[in-house]
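Undergrad: Quick one, structure for this:
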Amino acid sequence: MQNKTPDVSIIIVSWNVADLLAACLDSILKSHVQVGGTGDGKYVAEIIVVDSASRDETVTMLRGRYPQVTLLAQSENVGFTRGNNIGFAAAQGRYLFMLNPDTELIGDALPQMLDYLEAHPDVGIIGPHTLNSDGSTQSTRRRFPTMSLGFFESTWLQSFAPKKMLTQFYAEDIADNAIADVDWVQGSALLARREVYEQIGGLDTGYVMFFEELDWCKRAKNAGWRVVYYGEAQIVHHGGQSTAQVPAHKHIHFQQSKLRYYKKYHGAFVAGMLRLFLLKNYALQLGIEAIKGLIGHKRALRKARVKTYWRVLRSGLKAS
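TA: Here you go, the predicted model:
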């Protein structure tokens, strides 16, 4: 019989990805943890799915096929950050595991990470070795971005950035299968102690999506917790299936979140300069795509990109 208090609460925020969510849940149920009174292993888990008003069959599927899952169905799309905070508030576990619906756990990845946290009480957050769908490594370990990095990373200038700057940020000096301290791990699979949540609070809802896990890890480290990349535990992350449904929103949310982070930790002046730079960057990209479209080069693609970049420019990229 399942204990009243689970060891770990697995929190999944989902939107219109029913098939991927099913694969994710199936991988959890095979991962050597006890869920709903079934399964093997020494750790008891609860699964909480926060559904952001999906229009597909997600809710029906969960109610019919996964009765052991706690479904928190929302009446609107609450976004990744708010959704996880809703899950945190409902969670009962000693550990909180943010997991994307487009991931799959491999073997005993979750028990491995839980064992490490049990043995290292000063570690507050841990993240696994993440693989792409084709089995290649997906970079999910990072160091904190410097002020200058903001003008290079995820812009057209990234290919011109000093190699040392990118190597440091992407923690390329750490082997894929290593266990090492880092500054932050990505939120696609992030396991934290409840004490971290109780001490620093939930995710900053000023970030709709993107940068929220960076901010959370920074706050945790500022509070004295270690953040560890655990390369011996593996998951698969199929990547960006929800955000791919709205490309313009993805650009807007990413850049607005980036500006919020830089304003919060580097000041309003730096964030203001970065905002002007990003807007000029999108204006330049829009012009280039428009010209390519006019001369007949992949017109459908160019039209879609022009529309996306125009929506980004109209948003003004105002950081909250």
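
Undergrad: which residue ranges form the strands in the stretch 1-150 of the chain?
TA: Secondary structure of the stretch 1-150 of the chain by DSSP state E, counting those that start in this stretch: the strands cover 8-14, 34-35, 44-51, 69-73, 95-99, 103-105, 123-131, 137-138, 141-142.

Undergrad: same question for the longest one, mean pLDDT?
TA: By that I understand strand 123-131. The average pLDDT for strand 123-131 rounds to 98.

Undergrad: How about that strand, which residues are buried there?
TA: Using 16 or more other CB atoms under 10 Å as the burial criterion, the residues of strand 123-131 that qualify are 123-131. For the C-beta atoms, the positions are set from N, CA and C on the backbone; glycine is no exception.

Undergrad: Repeat that for the fourth one.
TA: Applying a neighbour-count criterion of 16+ other CB under 10 Å, the buried positions in strand 69-73 are 69-72.

Undergrad: how about TSV for these, with distance to A53 added?
TA: Output for the buried residues of strand 69-73, formatted as TSV (distance: CB to CB, whole Å):
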residue	distance to A53
V69	17
T70	17
L71	13
L72	12
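
Undergrad: Enumerate every residue touching N85.
TA: Residues in contact with N85, defined by CB atoms under 8 Å, 6 or more residues apart in numbering, are 202-203, 205.

Undergrad: I'd like to know which of the residues you listed are buried.
TA: In the contacts of N85, burial by neighbour count holds for 202-203, counting by 16+ other CB under 10 Å.

Undergrad: Of the contacts of N85, which is the nearest to M113?
TA: L203 (19.6 Å; CB to CB).

Undergrad: which non-adjacent residue is nearest M61?
TA: Excluding its sequence neighbours, the residue lying closest to M61 (CB to CB, 6 or more residues apart in numbering) is A18, at 5.3 Å.

Undergrad: For D40, see how far away that neighbour is.
TA: A18 sits 27 Å away from D40 when distances are taken as CB to CB, to the nearest Å.

Undergrad: same question, F269
TA: Remark: distance between F269 and D40 (CB to CB) = 56 Å.

Undergrad: G202 now?
TA: Taken as CB to CB, the span from G202 to D40 is 32 Å.

Undergrad: Flag the shaky bits of the stretch 151-300 of the chain, pLDDT-wise.
TA: Along the stretch 151-300 of the chain, the model assigns pLDDT under 70 to residues 240-248.
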